[in-house]
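Chemist: what's the 3D shape of this:
(one chain, ligands or ions: 1)
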Amino acid sequence: MSKFTVISGKSSEDLAEKLSKKLKATIVKSEVRVFPDGESKITLTGKISKNKIVIVQSIYPPVDTNLIQALSLISKAKEYSNDVIVVIPYMGYARQDREFLPGEIVTMKVIAKLFKGAGASKLIVVDIHSLIGLKHFKIKSKNISAIPDLVQYFKKISLKNPLIVSPDQGGKKRAMKFAAEFGAECIALTKHRDRKTGKVQIKTSKIDQVRGRDLILVDDMISTGGSIIKATEFLKKQRCHHVYVACTHALLINNAEQKIKESGVTKIISTNTIPGKTSVVDISDTIVKAIK
Ligand code: R5P
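Modeler: Purely as a prediction, here's the structure:
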């Protein structure tokens, strides 16, 4: 008998299924009814054993609904076990990890308290926006990188003199890691985001290095697509060849995918931390290693 029971949250059913198979664990599924007023009613289908429990629930939109479902699953699991491992493939609210403007509430800190209070004993996240977010969690925590899995995908594509590009200085380390594993050079653009309006601008003035080359833009996440669109428009003006996007979490809010394609991106590749059309890279093996 496996020492794990996997509880599959509604937002990560496919990934939970893959993890349960790889862990040879029993899977308990969630049946969810969201009432007209927005409340979630969760019923677990199956028997939870008193062994290590792994909860899998990504916190993508509807973020607050998926968050309350994660907390409810943690609380239920705690009734059966003191070993409650919570896998949040995409951690919503991770960009709210510090007070950028006076008076802002650090919601990541609030969520960290709720996770602990509900009974989580260990947290596993994938490419959290910044490690500062994890510091708020006063339980064991681990951030795993999807970069090796993304690199494997791109190694199978034939590219013309590839160059890895970070759309901003904040993501430079991530892009450098990609570049080192992929075996290519790396550059980082300078992006400015207005903290009040959210408007994005590329401040880099000119780069001859990109001319005629295939580029891979590496980012942790795409939300509205603003960062990728501005970066692509700039890089196309510098007369690059194709632009590919490699990101861990593709939220693609509204019609972001179409807008990104229209800006000149050839292909968007993301992982299955968030299910979707672009989520072709499976990170279940990497998560299993972190659980064991
Ligand atoms: C920002 O620092 C992040 O790494 C992403 O570049 C950003 O959050 C993506 O958001 P959007 O797609 O709305 O520009």
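Chemist: Between the two ends of stretch 180-194, what distance do you get?
Modeler: With Cα to Cα, to the nearest Å applied, stretch 180-194 spans 31 Å between its terminal residues.
Chemist: How about the residues of the stretch 51-200 of the chain by the ligand?
Modeler: With the criterion set to Cβ under 6 Å from any ligand atom, the stretch 51-200 of the chain comes near the ligand through P167, D168, G170, G171, V200. All C-beta spots, glycine's among them, are computed from the backbone N, C-alpha and C.
Chemist: was I right about the first one contacting F234?
Modeler: The one in question is P167. No. P167 is beyond contact range of F234, at 9.2 Å (criterion: Cβ atoms under 8 Å).
Chemist: What subset of the residues of the stretch 51-200 of the chain next to the ligand is buried?
Modeler: Using 16 or more other Cβ atoms under 10 Å as the burial test, these include P167, D168, G171, V200 as buried.
Chemist: how about the first one, what does it touch?
Modeler: Think P167. For P167, the contact set (Cβ atoms under 8 Å, 6 or more residues apart in numbering) comprises L189, K191, I202, L217, D219, S227, I228, K230, A231.
Chemist: before we move on, what SS does the fourth one have?
Modeler: Using DSSP: H, G, I helix; E, B strand; the rest coil, the three-state assignment for L217 comes out as strand.
Chemist: For it, list each beta-bridge partner.
Modeler: V165, V245 (DSSP bridges).
Chemist: re the thing from before, sitting in helices, which of the residues of the stretch 51-200 of the chain next to the ligand do you find?
Modeler: Judged by DSSP state H, helices contain none of these.
Chemist: Narrow those to those in strands?
Modeler: Within these, membership in strands is found for V200, as judged by DSSP state E.
Chemist: Pick out the lowest-pLDDT one from the buried ones among the residues of the stretch 51-200 of the chain next to the ligand.
Modeler: Across the set of these, V200 stands lowest in pLDDT, at 89.
Chemist: measure the spatially closest residue to that one that is not a sequence neighbour to Y244 for me?
Modeler: If you skip the residues right next to it in sequence, V200 has G226 as its closest partner in space, 4.4 Å away by Cβ to Cβ, 6 or more residues apart in numbering. As judged by Cβ to Cβ, to the nearest Å, G226 and Y244 stand 18 Å apart.
Chemist: Over to F115?
Modeler: Distance of F115 to Y244, computed by Cβ to Cβ: 35 Å.
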